[in-house]
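# Sequence isn't available, so here's the structure alone:
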């Protein structure tokens, strides 16, 4: 039987099973304005991928809250704002995805293989049915951070923004893979502090400068050596390696693990820590 989730709009038919009985007058339904507060959970059926939908009683937390001036606060340059709690929280999303959200922060010199590892890791997790998203340093500068330069203050802001976005992905239950040089410990530690303990997994690609420079996939080291790029990490700007990160992946010229092998090391860590289960 069809039910209207919104007044005047006929809901689509259910997939893999009928809609439940009309909830208009049932105890499992509560209206919020003109929208029914009906939650539908996935229930395994006989066939693979089948769905059935069941209503769950709305809680008082799902009612619209009214901003109380006494509880409004200021954050940064924003004033009179209040955090609005959602009726669907992180645990609900993680149960839906059958994984735990976290941030895999891959750091290292330019040319150390961060983006390559991120892609191999994302593919490896995807093949295991896990949802990931990559925040690549260069890619983020195409949109989110396109207004930032490579000056010191802009590099700090670049990392801060990516850290905040990564936090949102983790809260959504997604395994977020951030790959960017992020040369300073203070900036990486600031991003770590955004997440609950254990949900920030720092992966250090420990690759000698000479090897990174010999690879030089973007030709940046050559430009830096010629003085055409100023403040380039590893040449005339420092890189501060992590002092106590979760995973260190060392590579030498005569001993370089493949991206898939390194990805499996990270996946094994996530599995051990319970991130691949809800």
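That came through, no problem. Because the structure is predicted, anything quoted here is derived from the model rather than measured. Numbers count the residues shown, from 1 in each chain.

# pLDDT (mean, whole number) over the helix or strand harbouring residue 224?
Taking DSSP states H and E as the definition, one finds residue 224 inside helix 220-225. Mean per-residue pLDDT for helix 220-225: 96.

# Pull out the buried residues from the very next helix or strand once past it.
Following helix 220-225 in sequence order, the next helix or strand is strand 247-250 (DSSP H and E). Buried residues in strand 247-250, counted by 16 or more other CB atoms under 10 Å: 247, 249. C-beta here means a position set from N, CA and C on the backbone, and glycine is covered the same way.

# Likewise for stretch 162-177?
162-163, 165-167, 169-171, 173-177.

# how about these, which pair is most distant?
The largest separation in the buried residues of stretch 162-177, counting by CB to CB, is between 162 and 173 at 18.8 Å.

# circling back to that earlier point, in strands, which of the buried residues of stretch 162-177 fall?
Among those, the ones falling in strands (DSSP state E) are 175-177.

# now the helix or strand hosting residue 138, how far from the centre of its chain.
Residue 138 belongs to helix 137-140 when assigned by DSSP H and E. Distance of helix 137-140 from the chain centroid (CA atoms, centre = their mean, to the nearest Å) equals 14 Å.

# Please identify the buried residues of that helix?
By neighbour count on 16+ other CB under 10 Å, the buried set for helix 137-140 is 137, 140.

# Quick check: residue 262 touching residue 120?
Yes: applying CB atoms under 8 Å as the test, residue 262 and residue 120 come out as touching, 7.1 Å apart.

# higher neighbour count, these two?
residue 262 (23 against 20; other CB atoms under 10 Å).

# Mind checking the pLDDT average for the longest helix anywhere in the chain?
As assigned by DSSP state H, the longest helix anywhere in the chain is helix 152-171. Averaged across helix 152-171, the pLDDT comes to 96.

# What helices and strands are in contact with it?
strand 102-107, strand 132-136, helix 137-140, strand 175-179, helix 185-192 (3 or more CB pairs under 8 Å, 6 or more residues apart in numbering; DSSP states H and E).

# Lowest mean pLDDT across these, which one is that?
When these are ranked by mean pLDDT, helix 137-140 comes last with a mean of 93.

# Can you name every helix or strand that that one contacts?
Counting by 3+ CB pairs under 8 Å, 6+ apart, helix 137-140 packs on helix 152-171.

# quick one on the thing from earlier: now render the buried residues of stretch 162-177 as a markdown table, adding distance to residue 185.
Formatted as a markdown table, the buried residues of stretch 162-177 follow (distance: CB to CB, whole Å):
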| residue | distance to residue 185 |
| --- | --- |
| 162 | 16 |
| 163 | 14 |
| 165 | 21 |
| 166 | 17 |
| 167 | 19 |
| 169 | 23 |
| 170 | 21 |
| 171 | 24 |
| 173 | 28 |
| 174 | 26 |
| 175 | 24 |
| 176 | 20 |
| 177 | 20 |
